[in-house]
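J.: The following block contains a protein sequence and its predicted model.
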Amino acid sequence: MRQNAGKNAFVLGCLLLCAVPVAVAAQSSIAPTTQASWVISGIVRSASSGLPLEGATVTLTNAKNFQHVAEALSDEKGQFSISGLPAGKFEVVASQRGYVSSAFNEHHGVSTAIVTGEGLVSEGLEIKLELQGVIAGTITEDSGDPVPNARLSLYRRDPRSGTGRMIRASATSADPMGNYELAHLAPGTYYLCASGTPWYAANGMAKQDISSSGAANSSRTALDVAYPITCFPGVADPNAAEAITVGAGDHVPANLVLHAVPSVHISIRVPAPEANKGLLMPQLREDTFGNSEFIAGNYTNMIPNGDSTTTIEISGIAPGQYSAVFPDQSGEATRFATINALTDHETLDLSSAVPLPEVSGKITISGGGTLPSGLFVMLDPLEGEQRGRAPVQPDGSFHLKVARLGDYEVVVGNQRGTALSVIGLKSSAGKLSGRVLPLGGESIELTVEVTAAQTTVSGFAQLDGKPSSSVFLVLVPDHPKAGHTAWKPNQSDSDGSFNFLHVSPGDYTVVAIQEGWTLDWARPEVISPFLAGGVKVHVSANAKEIDLSRPVNAQSK
């Protein structure tokens with residue numbers, strides 16, 4: 001019953017704290033109770049070879065409150081046993097060095113909890129662990145020379161978000177000889193991109209001078225070159241990149257050749273520095289698979305314009321479309337603009353660009369009451385990963401900035417374990433629908449009403465008229481702007497039961513799909529054909545426990 005999907009996982013991880021496990025022997029038990037006690041036992045195997053794994057750590061946590069229960073180490077036959085357990089529901093997770101940790105029957109972040117009790121099977125489990133993989137290679141340029149200290153980013157589709165969005169899975173830098181290694185990878189499909197700076201242009205050898213009038217001289221040299229971001233197998237367009245498939249234990253070679261191209265020079269007008277403060281430099285970023293990648297250029301000239309602005313020239317940039325961000329003294333973005341720098345000497349006036357909106361406001365508890373301490377507000381973008389986050393003051397006020405315009409989900413969290421749900425959202429422009437805040441160019445005052453996300457929705461998944469374990473389930477909100485955190489993936493437990501925890505008030509449909517974790521289940525166009533076969537549920541603000549009136553039938557994909 002593990003629920004750990006993409007952005008939901010991020011928020012849940014912030015809200016819930018788990019105890020740190022302590023290793024014990026292969027045969028482990030907990031203190032006996034006056035009730036009948038039960039055993040969870042099984043074997044840990046390599047998924048590739050089927051051989052038993054000795055010394056694997058098997059951890060039990062309570063599936064309802066996430067508290068640590070017990071641990072055991074597998075013996076030379078890969079076997080483990082934990083006895084003295086009360087009737088209950090337990091998450092069983094195995095880990096071993098060199099392998100990807102996994103819960104029992106885990107699929108893309110959802111898993112099957114083991115239910116103990118009279119007549120229930122909790123022994124003879126088999127947990128299979130996949131060997132970690134590696135992608136490694138060398139980054140060179142056309143001449144065959146290495147690109148020292150090249151920057152690499154590895155991307156993959158996030159199966160836990162249910163939207164098919166791309167996330168950065170790993171990042172590293174090549175060594176001075178251009179060699180790199182990306183290790184500890186779970187089996188899957190990845191996309192690799194690299195960037196760097198030609199060593200012979202890195203020290204400004206190819207820079208141009210700006211005249212006192214701010215106009216760039218036309219002379220340039222053969223060394224005035226740059227590398228565009230290049231994705232495997234050697235393309236500048238991420239949409240044309242080829243996937244790299246990593247199997248269990250694979251060591252996949254992936255060499256990349258960066259092609260130097262004539263660079264462009266960008267002149268950016270920015271606000272002049274305040275008195276007794278240094279000049280703040282604009283930052284260039286490029287969108288790669290929906291993620292913002294920093295572009296390293298050479299800041300070659302800084303020319304005061306005789307007014308309240310300064311012109312900065314950036315050289316060593318490959319032609320492309322970039323976003324330019326101007327920070328404040330704390331490093332937060334204050335202005336944002338895009339520039340299509342396909343030809344030399346493009347100009348951008350960030351000093352007159354519309355400042356990025358600021359979001360401020362107040363958090364209130366529904367029905368009154370005192371706010372929990374340690375709250376934070378997060379603006380989670382519906383596209384991309386540039387979140388904005390700020391602490392909530394004791395009086396409920398908050399203030400934050402975002403790095404770009406767009407639609408954001410408003411999330412209120414607490415690192416001390418209190419799960420909160422946004423049930424009302426009003427802006428200075430009027431009442432908003434759901435939890436989604438559209439940000440244009442105007443600053444906004446928000447009033448955010450929250451309540452405890454205290455409801456547990458429980459039921460059974462069935463297949464062919466019988467309770468069935470390891471069936472994928474998802475709680476689908478009816479409201480089109482409920483936000484990512486309202487979608488909750490799950491998997492039926494060993495007795496066919498399931499529990500959706502910390503559900504916010506609203507109307508939902510519980511859907512069960514055989515092997516549905518392979519779908520982009522959080523896309524409305526993907527899930528809509530399954531809704532008619534689901535079970536409707538209404539969650540009121542005061543509900544604590546809701547048991548579905550009938551089982552949820554597992555549908556075929």
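T.: That came through, no problem. What you are looking at is a predicted structure, and each value in this text was computed from that prediction instead of being measured.
J.: Tell me the confidence at residue 502?
T.: The predicted local confidence for residue 502 comes out at a pLDDT of 91.
J.: Might one say that it is in contact with residue 454?
T.: Yes. Between residue 502 and residue 454 a contact is recorded at 7.2 Å, counting by CB atoms under 8 Å. Where C-beta positions appear, they are placed from N, C-alpha and C, glycine not excepted.
J.: okay, and the common contacts of these two?
T.: With CB atoms under 8 Å, 6 or more residues apart in numbering applied, the overlap between the contact sets of residue 502 and residue 454 consists of residue 419.
J.: where in the protein is pLDDT low?
T.: Within the chain, the stretches falling below the threshold (pLDDT under 70) are 1-36, 202-220, 384-386, 416-418.
J.: If we use 50, what do you get?
T.: Scanning the chain with the threshold set as pLDDT under 50 gives 4-25, 32-34, 202-218.
J.: quick check: domain ranges of it?
T.: Structural domains of the chain, as assigned by automatic domain parsing, span the residue ranges 6-131, 134-349, 358-452, 455-555.
J.: Now residue 334. Nearest residue, chain neighbours left out?
T.: With CB to CB, 6 or more residues apart in numbering as the measure, residue 328 is the residue that lies nearest to residue 334, at 4.9 Å, once sequence neighbours are left out.
J.: do you know how far that neighbour is from residue 378?
T.: Using CB to CB, to the nearest Å, we find residue 328 at a distance of 20 Å from residue 378.
J.: okay, these two: which has more neighbours?
T.: residue 378 (20 against 12; other CB atoms under 10 Å).
J.: Doesn't the more buried one belong to a strand?
T.: Yes. Residue 378: assigned to a strand according to DSSP: H, G, I helix; E, B strand; the rest coil.
J.: Please report the distance of it from residue 422.
T.: From residue 378 over to residue 422 the distance is 11 Å, taken as CB to CB.
J.: what touches both of the two?
T.: With CB under 8 Å, 6+ apart applied, the overlap between the contact sets of residue 378 and residue 422 consists of 410-412.
J.: now those as a markdown table including secondary structure, distance to residue 240 and neighbour count?
T.: Converted to a markdown table, these look like this (DSSP: H, G, I helix; E, B strand; the rest coil; distance: CB to CB, whole Å; neighbours: other CB atoms under 10 Å):
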| residue | secondary structure | distance to residue 240 | neighbour count |
| --- | --- | --- | --- |
| 410 | strand | 36 | 23 |
| 411 | strand | 35 | 25 |
| 412 | strand | 41 | 25 |
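J.: of the residues you listed, closest to residue 183?
T.: For the shared contacts of residue 378 and residue 422, the residue nearest residue 183 by CB to CB is residue 411; the value is 32.3 Å.
J.: Please name the residues that touch that closest one.
T.: With contact taken as CB under 8 Å, 6+ apart, residue 411 is in contact with 11, 377-380, 422, 435, 483, 485.
J.: Which of the residues you listed sits closest to residue 193?
T.: residue 380 (24.1 Å).
J.: Which of the three states applies to the closest residue to the closest one other than its chain neighbours?
T.: Nearest residue to residue 380, sequence neighbours excluded (CB to CB, 6+ apart): residue 409, at 4.6 Å. Applying three-state DSSP to residue 409 yields a three-state assignment of strand.
J.: Let me know whether residue 409 touches residue 436 as I believe.
T.: Yes. Applying CB under 8 Å as the test, residue 409 and residue 436 come out as touching, 5.8 Å apart.
J.: Need the overlap of contacts for the two.
T.: When contacts are counted by CB under 8 Å, 6+ apart, residue 409 and residue 436 have 382, 483 as shared neighbours.
J.: What is the end-to-end distance of stretch 123-139?
T.: Distance between the two ends of stretch 123-139: 50 Å, counting by CA to CA, to the nearest Å.
J.: before we move on, back to that, residue 409 and residue 436: who's more crowded?
T.: Under the neighbour definition other CB under 10 Å, residue 409 and residue 436 were set side by side, and residue 409 has more, 23 against 19.
J.: can you pull up the bridge partners for residue 512?
T.: Here residue 512 sits in beta bridges with residue 473, residue 554, going by DSSP bridges.
J.: quick one: it and residue 257, what's the gap?
T.: Distance, residue 512 to residue 257, by CB to CB: 48 Å.
J.: Mind giving me the packing neighbours of the strand or helix carrying residue 499?
T.: When elements are defined using DSSP states H and E, residue 499 is found to belong to strand 497-503. In terms of contacts (3 or more CB pairs under 8 Å, 6 or more residues apart in numbering; DSSP states H and E), strand 497-503 is packed against strand 455-463, strand 472-477, strand 488-491.
J.: Note down every partner strand of the last one and its orientation.
T.: So that's strand 488-491. Paired with strand 488-491 in the same sheet, following DSSP bridges, are strand 472-477 (antiparallel).
J.: what does the partner strand rub up against?
T.: Judged by CB under 8 Å, 6+ apart, the contacts made with strand 472-477 from elsewhere in the structure are 107, 110, 162, 457, 461, 486-492, 498, 500, 503, 506-517, 521-522, 527, 531, 534, 552.
J.: Selection in ChimeraX covering whichever of the residues you listed are buried, please.
T.: Paste this into ChimeraX to select the buried members of these, with burial taken from 16 or more other CB atoms under 10 Å:
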select :107,110,162,457,461,486,487,488,489,490,491,492,498,500,503,506,508,509,510,511,512,513,516,517,521,522,527,534,552
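J.: now, which of the shared contacts of residue 378 and residue 422 sits nearest residue 175?
T.: Here the nearest of the shared contacts of residue 378 and residue 422 to residue 175, counting by CB to CB, is residue 411; it sits at 39.3 Å.
J.: Identify the bridge partners of the closest one.
T.: Counting by DSSP bridges, residue 411 is bridged to residue 378.
J.: same check, this time on residue 341
T.: Applying DSSP bridges to residue 341 gives these bridge partners: residue 320.
J.: Could you give the number of residues near it?
T.: The local packing of residue 341 (other CB under 10 Å) involves 23 other residues.
J.: I'd guessed residue 162 sits against residue 518; true?
T.: No. Residue 162 sits out of contact with residue 518 when judged by CB under 8 Å, with a separation of 10.7 Å.
J.: quick one: secondary structure of the residue lying closest to residue 295 once chain neighbours are set aside?
T.: Excluding its sequence neighbours, the residue lying closest to residue 295 (CB to CB, 6+ apart) is residue 284, at 4.2 Å. Look at residue 284: counting by three-state DSSP, its state is strand.
J.: residues contacting residue 284?
T.: For residue 284, the residues meeting the contact criterion (CB under 8 Å, 6+ apart) are 266, 294-295, 297, 314, 317, 322-324.
J.: likewise residue 557?
T.: Counting by CB under 8 Å, 6+ apart, residue 557 makes contact with 513-516, 518-519.
J.: try residue 261
T.: Taking CB under 8 Å, 6+ apart, one finds 225-228, 318-319 in contact with residue 261.
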